[in-house]
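Asker: Just a sequence and a predicted model for now, questions to come.
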Amino acid sequence: MAAIDDLTEGRGSEPLGEMAAESPAMPEVVFDVEELSVYYGEFQAIQDASLKVHENEITAFIGPSGCGKTTLLRCFNRMNDLIETARVTGSLRYHGVDLYDSKVDAVEVRRRIGMVFQKPNPFPKSIRANVAYGPRVAGLAKKGPVMDDIVENSLRKAALWDEVKDRLDDNALGLSGGQQQRLCIARAIATDPDVLLMDEPCSALDPIATTRIEELMHGLKDDYSIVVVTHNMQQAARVSDRTAFFSVDVNPDSDNRTGILVEYDSTQQIFSNPSDERTENYVTGRFG
Amino acid sequence: METPDSVRGSLSLAALAGSPRRVRKERLISRVMFCAALVSVVVSALIIYALFSEAWIFMRDVDWSSTWGELGWFPRRGIYDMPTLLVASLWTTLIAMIVAAPLGMGAAIYLSEYARPTHRAILKPILEILAGIPSVVLGFFALLWLAPNVVAHIGGEGGRGSMLTAGIGVGILTVPLVASISEDAMAAVPKSLREASAGLGARNAVTTVRVVLPAAVSGLVASLIVAVSRALGETMVVFMAGGAADAAIRTYSPYDGSLTMPSAMASLASGTDQVVGEGLTFQSLFFVGLVLFLLTLGLNLVGDRFVNRVREQY
């Protein structure tokens, strides 16, 4: 199990993900979420979610708007910390370490858990500088051959290398939307993370670019554990191993809308034989 | 009122023509507003005309050798040494920027990148109040507080004004200007870029230095240019705390008193004897004004271009 020291000051010597692989039957648990609730001020965004995310799998979060799936995703790399009023209760363990322990430094967490956002958000810098940003900030490498290798490998993994290898010093904003999103994936994996969080990574892309990203996710699964939030049920069915279905609970008194985790199972089970009626209604298109 | 049925039945031109009274009213309002806008254009043109016509008399009649290489600025005796004013303007502006750039940018970075909303809600109005303080009040503050408490400790004399005292005073005056324009520029940087940086494990300071400031750089430069322009044109603080009354000997030391371009103009136009002196004394005022006008106009044009570049980017 990972020691808490690895997540506090300074980067640990080895990635946490490699410490597992004891039980061959069930993949190692990366995130163990127990009764997690998130509040924004008085408003409760998600209530008592419990699930386990497994290593080298793609876990999809699906559900209607406002069901808290993005909120939960942003707990995994402590991104909700950036919101002043956000408050988290319950337990969220990452390789056994409580991510919300007061000693845990969110910055260390984010170096191990990369994130890809809804809209491609490359920095208005060169393609090379975008990929090099994370490693440079983490002190993994400076300019030179080491960094060049990181940049090339990251872009290759993100299936972007062949398209940009001749113009690494061009501004990243000159790329197409799909290319920008793959650049953001390359940027996220350049810090050699353990997990990739993807928040509706294809919602701003056309179908062809979406297909490319989905293919890419299949390939990345061998190296990373991926959690993906998606509005697109077909996408969840196509790419994920496990699926969590979230729904919205409307409090009749206060009209507050709180997200709840309805069902979590293998993707096949969720789409072919869901145990909860609400899940069935959603995946068959009767609501949402 | 026509019923919906009849509208659907047969559409006539009259039905779409609108009320003639309202159309007339709208036209009238448009004209009144146009006149209001026109007045400011006309006044600007008049100012430029007055400036140029008097300055032209000076430039035509003056003995140009009296404007360069003289002892100092003694307009009432026909000695118009421009370098005296230029050096003083340069010094006060430079000192003002040394004060305003770090304080203004620092305040902007704090407000935009660090401050909790509660702190921001307190600090921002205070900065705005500072921006609204009349410069004559700041002139007193510079003379009575800055001179003995600050300038006296960094090599100057506490008992009287100097370019250093005036420069610090002008610097304080321009802090809110730098802070507000810089903060606007930083606020224009999309939140998604900050999230991208944070998501890659960057601390707040790294995000600020590597992502926000580079993305906002044209706005930051613009804030400095606008502040320089404001400092060059600032009159009252320099007039009061600059350590010279109506004439000045050319000096290169910021510890001495001197006259900047605007304070020379102000001193010439004040006092009981108004502008009395050699033949061209009155016109010299306009000549200095013209030089100042052209300088600040140039700076503002450059500053505007930078500001527009910020707007185009995001």
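Answerer: Cool, got the structure. Quick caveat: nothing in here was measured; it's all calculated off a predicted structure.

Asker: Which pLDDT value does the model give B:R76?
Answerer: B:R76 is assigned 82 on the pLDDT scale.

Asker: Are we agreed that it is in a helix?
Answerer: Yes: membership of B:R76 in a helix is supported by DSSP: H, G, I helix; E, B strand; the rest coil.

Asker: Buried residues of stretch A:84-94, list them for me.
Answerer: Residues of stretch A:84-94 classed as buried: A:A86, A:V88, A:G90, A:L92, A:R93, A:Y94 (neighbour count, 16 or more other CB atoms under 10 Å in any protein chain shown). All C-beta spots, glycine's among them, are computed from the backbone N, C-alpha and C.

Asker: Please identify the helix or strand for the residue nearest to the last one when sequence neighbours are not counted.
Answerer: To tie it back to what came earlier, the one meant is A:Y94. Distances taken as CB to CB, 6 or more residues apart in numbering or on different chains place A:F31 nearest to A:Y94, at 5.8 Å, with adjacent residues excluded. Assigned by DSSP states H and E, A:F31 belongs to strand A:29-40.

Asker: likewise B:I122?
Answerer: Here B:I122 is assigned to helix B:117-132, by DSSP H and E.

Asker: Could you check how far the most centrally placed residue in chain A is from A:P145?
Answerer: In chain A, the residue lying closest to the centroid (CA atoms, centre = their mean) is A:L197, at 0.9 Å. Distance, A:L197 to A:P145, by CB to CB, to the nearest Å: 30 Å.

Asker: same question, B:G132
Answerer: Following CB to CB, the distance that separates B:G132 from A:P145 is 57 Å.

Asker: The helix holding B:I122 near chain A anywhere?
Answerer: Yes: applying CB under 8 Å from any CB of the partner chain, one finds that helix B:117-132 is in contact with chain A at B:P117.

Asker: Check which helices and strands that helix sits against.
Answerer: Packing partners of helix B:117-132 (3 or more CB pairs under 8 Å, 6 or more residues apart in numbering or on different chains; DSSP states H and E): helix B:163-187.

Asker: Please name the nearest non-neighbouring residue to the residue of the stretch 151-288 of chain A found nearest chain B.
Answerer: Relative to chain B, the nearest point of the stretch 151-288 of chain A is A:T191 (6.2 Å; CB to the nearest CB). Spatial nearest neighbour of A:T191, excluding adjacent residues (CB to CB, 6+ apart): A:G134 at 3.8 Å.

Asker: which other residues reach the strand or helix carrying the one you found?
Answerer: Using DSSP H and E, A:G134 falls within helix A:127-138. Helix A:127-138 is contacted from outside by A:11, A:111, A:114, A:122-123, A:125, A:140-143, A:147, A:150-151, A:154-155, A:164, A:167-172, A:175, A:183, A:186-188, A:190-191, B:197, B:200-202, B:206, B:210, using CB atoms under 8 Å, 6 or more residues apart in numbering or on different chains.

Asker: tell me which residues in the helix holding B:I122 are buried?
Answerer: Buried, per 16+ other CB under 10 Å, within helix B:117-132: B:K124, B:L127, B:L130.

Asker: Which one of these is nearest to A:I62?
Answerer: B:K124 (41.9 Å; CB to CB).

Asker: Can you name the residues that contact B:G161?
Answerer: B:A142, B:L143, B:A147, B:M240, B:A241, B:G242, B:G243, B:A244, B:G257.

Asker: On the three-state scheme, it is what?
Answerer: B:G161 is classified as coil under three-state DSSP.

Asker: Against B:M82, how distant is it?
Answerer: 22 Å.

Asker: For chain B, which segments are assigned as strands?
Answerer: Assigned by DSSP state E, chain B shows strands spanning B:72-74, B:79-80, B:248-249.

Asker: Below-threshold pLDDT in chain B: ranges please.
Answerer: Applying pLDDT under 70 to chain B flags the ranges B:1-9, B:271-278, B:310-314.

Asker: and it, which residues reach chain A?
Answerer: Counting by CB under 8 Å from any CB, chain B sits next to chain A at B:116-117, B:190, B:192-203, B:206, B:210-211, B:214-215, B:313.

Asker: Give me the buried entries from those.
Answerer: B:193-202, B:206, B:210-211, B:215.

Asker: Of the contacts of helix A:127-138, grab the buried ones for PyMOL.
Answerer: Only the buried entries of the contacts of helix A:127-138 go into this PyMOL selection, using 16+ other CB under 10 Å:
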select buried, (chain A and resi 11+111+114+122+123+125+140+141+147+150+151+154+155+164+168+172+175+183+186+187+188+190+191) or (chain B and resi 197+200+201+202+206+210)
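
Asker: re earlier: same list, the buried ones among the residues of chain B next to chain A, but as a markdown table with distance to B:V41 please.
Answerer: Below are these laid out as a markdown table (distance: CB to CB, whole Å):
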| residue | distance to B:V41 |
| --- | --- |
| B:L193 | 40 |
| B:R194 | 42 |
| B:E195 | 45 |
| B:A196 | 45 |
| B:S197 | 45 |
| B:A198 | 48 |
| B:G199 | 50 |
| B:L200 | 51 |
| B:G201 | 54 |
| B:A202 | 49 |
| B:V206 | 48 |
| B:R210 | 44 |
| B:V211 | 42 |
| B:A215 | 36 |
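
Asker: Farthest-apart pair in those residues, please.
Answerer: B:G201 and B:A215 (19.2 Å).

Asker: What count of nearby residues applies to residue 153?
Answerer: Let's take chain A. 16 (other CB atoms under 10 Å in any protein chain shown).

Asker: was after chain B, sorry
Answerer: Neighbour tally, B:H153, other CB under 10 Å: 9.

Asker: which secondary structure element contains the residue in chain A positioned nearest to chain B?
Answerer: Evaluated by CB to the nearest CB, chain A has A:R111 as its residue closest to chain B, separated by 3.5 Å. Per DSSP H and E, A:R111 falls inside helix A:106-112.

Asker: May I see the buried residues of that helix?
Answerer: By 16+ other CB under 10 Å, the buried positions in helix A:106-112 come out as A:A106, A:V107, A:E108, A:V109, A:R110, A:R111, A:R112.

Asker: With stretch A:234-242 instead?
Answerer: So for stretch A:234-242, counting by 16+ other CB under 10 Å, buried means A:Q235, A:A236, A:A237, A:R238, A:V239, A:S240, A:D241, A:R242.

Asker: Name whatever forms a beta bridge with A:S37.
Answerer: Bridge pairing for A:S37 (DSSP bridges) gives the partners A:T89.

Asker: Which pLDDT value goes with it?
Answerer: 94.

Asker: thinking it is in contact with A:Q47, fair?
Answerer: Yes: with contact defined as CB atoms under 8 Å, A:S37 counts as touching A:Q47 (5.2 Å).

Asker: hey, where'd the strands end up in the stretch 1-150 of chain A?
Answerer: A:29-40, A:43-54, A:58-62, A:86-94, A:97-98, A:113-116 (DSSP state E, counting those that start in this stretch).

Asker: To A:I213, which of these lies closest?
Answerer: From these, taking CB to CB, the stretch that ends up closest is strand A:113-116, at 9.0 Å.

Asker: roughly how far apart are B:G106 and B:A115?
Answerer: 12 Å.

Asker: ok, now A:T59?
Answerer: From A:T59 to B:A115 the distance is 37 Å (CB to CB).

Asker: want to try CSV for the strands of chain B, with mean neighbour count as columns?
Answerer: Below are the strands of chain B laid out as CSV (neighbours: other CB atoms under 10 Å in any protein chain shown):
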stretch, mean neighbour count
strand B:72-74, 22
strand B:79-80, 22
strand B:248-249, 22
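
Asker: Dump these to CSV, plus distance to A:M26.
Answerer: Below are the strands of chain B laid out as CSV (distance: least, CB to CB, whole Å):
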stretch, distance to A:M26
strand B:72-74, 88
strand B:79-80, 91
strand B:248-249, 87
